[in-house]
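**Student:** Just the structure for this:
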Amino acid sequence: MFGAVGFAQAADYPDFDDASVTARTEAVIKERSQDGVFVFHDPKLNKDLNLVYEKMRVIRGMKGYGWFANAIFHEKGDPQRQYALDFWFKPQRDGDSLDLIDIRVQKGPKRDGDGYIMVTRLPVAWWWLPVQEHPGDMEVVRAWHVMSAIHNYIAENKNDEGALELKDEKTGETIPLEFVEMHQPVRYLKKDGHYFACTDFRRVGSKDEYFDVDFWVDEKTGRLNVTDVKIHKVPINEDGIWIQVPRYTFEDMDFEITQ
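**Tutor:** Prediction:
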């Protein structure tokens, strides 16, 4: 299941290659552009970026996980302010096309003297974490394996507006949440054999209401699957300032860090 992972070649996906992935990415950009401007809602900044496509930077395939196209853009009206966006595609199971799963910012502009440079945004997406592994590590579960399972769960369970709806066990409210980012480290609970990772979500329509959501993953079926999703921290407004208050703690839990 967790074979040594390098970047896939065309033979790993016989129906696709760099050219077809580039064409699919550029088609998505064109479909979502108006008058040459690609509008992308950046969940971390919680604002729309008005971007102009420049070029494809790199195409990578990861067998079993999909294709990842990294494209360069600049802000409309300011060519110096460049962004690198990752487009994550997965081949259709019963088709010959690529489904767009998500778009994330990989690099953004940072002031450097009189100009700008692109810097990698942290935390990095899981698809940038794999390195070529030794054959002896073939059955080892890596942090990025767990993060991939969580990201797939989020993508597959979003509603038509792109929000993940979670029920607050304490209040009974169903809350629409926008995925912001996933944190490291990934932890492994020795007692019950679960992995878990923390993520940040924001209530849809809010600028300041952030939720810390924990995803619990196991491999009892032979594949990594999300088995539980819990709201760990909730936003509380105190004197006009939003703070996060934990619903539970991890005290007395015996865990180890998954690399």
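**Student:** And the pLDDT for F16?
**Tutor:** Looking at F16, its pLDDT is 86.
**Student:** Break down the stretch 101-250 of the chain into its strands, ranges please.
**Tutor:** 115-120, 164-167, 174-182, 186-189, 195-203, 210-218, 225-238, 241-246 (DSSP state E, counting those that start in this stretch).
**Student:** Could you export stretch 154-161 as PDB, CA atoms only?
**Tutor:** Extracted C-alpha coordinates of stretch 154-161, given in PDB (Å, rounded to 0.1, in the frame of the first residue of the first chain):
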ATOM      1  CA  ILE A 154     -12.200  16.900   2.900                       C
ATOM      2  CA  ALA A 155     -12.400  17.100  -0.900                       C
ATOM      3  CA  GLU A 156     -14.900  14.200  -1.100                       C
ATOM      4  CA  ASN A 157     -17.100  15.500   1.600                       C
ATOM      5  CA  LYS A 158     -17.400  19.200   0.700                       C
ATOM      6  CA  ASN A 159     -20.900  20.500  -0.200                       C
ATOM      7  CA  ASP A 160     -21.800  22.300  -3.500                       C
ATOM      8  CA  GLU A 161     -20.400  25.500  -2.100                       C
END
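**Student:** What lies in contact with whichever strand or helix holds W67?
**Tutor:** Assigned by DSSP states H and E, W67 belongs to strand 66-75. For strand 66-75, the surrounding residues in contact (Cβ atoms under 8 Å, 6 or more residues apart in numbering) are 13, 16, 21-22, 24-25, 29, 38, 49-62, 80-91, 98, 101, 106, 109, 127. All C-beta atoms are positioned from the backbone trio N, CA, C, and that covers glycine.
**Student:** Measure how that strand sits relative to strand 115-120, angle-wise.
**Tutor:** Strand 66-75 and strand 115-120 are oriented at 160 degrees to each other (axes from the mean of the first three to the mean of the last three Cα atoms, to 10 degrees).
**Student:** With that, I have no additional questions.
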